[in-house]
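A.B. asks: After the sequence you'll find the predicted model.
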Amino acid sequence: QVQLVESGGGLVQAGGSLRLSCAASGRTFSRYAMGWFRQAPGKEREFVAQISGSGVSTRYADSVKGRVTISRENAKNTVYLQMNSLKPEDTAVYSCAAAERSYPGCSQYLYDFWGQGTQVTVSS
């Protein structure tokens, strides 16, 4: 079992930045690929970014590519999502997820553990 707790969300103006963190429990954090997803009101959950267990491989949704960076510190059991040049359409609840498989990609159904999420609101 892996427990995930997100933090770092908040209210920011368009063009601003936020860094989200996701702290994981357990001693085998590096074995899990990690992902960030988001869900806006009235919309389905969508993939944002994914990082491999080692941190070498990353993948991004087209909608955030160039504005968002996913990273991880395995020694701290933490994964980050640095978001720059934020837009109002980035407003959503952001959740991190852990996958036991090496490359779960963008499908939420391939992730095994989820955090509760943190709200990000971008004002225009």
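C.D. replies: On my side now, so go ahead.

A.B. asks: Look up the pLDDT of the closest residue to residue 46 other than its chain neighbours for me, please.
C.D. replies: For residue 46, ignoring the flanking residues on the chain, the nearest one in space by C-beta to C-beta, 6 or more residues apart in numbering is residue 38 at 6.0 Å. In short, each C-beta sits where N, CA and C put it, glycine included. Here the pLDDT value assigned to residue 38 is 98.

A.B. asks: just the one 3 residues further on next, same as before
C.D. replies: Residue 41 is assigned 92 on the pLDDT scale.

A.B. asks: So it: helix, strand or coil?
C.D. replies: What DSSP: H, G, I helix; E, B strand; the rest coil gives for residue 41 is coil.

A.B. asks: tally of neighbours for it?
C.D. replies: Counted with other C-beta atoms under 10 Å, the neighbours of residue 41 add up to 7.

A.B. asks: give me every residue that touches the residue nearest to residue 46.
C.D. replies: By C-beta atoms under 8 Å, 6 or more residues apart in numbering, residue 38 lies in contact with 45, 46, 48, 90, 92, 93, 94, 95, 120.

A.B. asks: try 7 Å this time
C.D. replies: 46, 48, 92, 93, 94 (C-beta atoms under 7 Å, 6 or more residues apart in numbering).

A.B. asks: How about residue 104?
C.D. replies: 33, 35, 50, 110, 111.

A.B. asks: Nearest to residue 23 among those?
C.D. replies: Distance to residue 23 across those (C-beta to C-beta) is lowest for residue 35, with 15.2 Å.

A.B. asks: Thanks a lot, see you next time.
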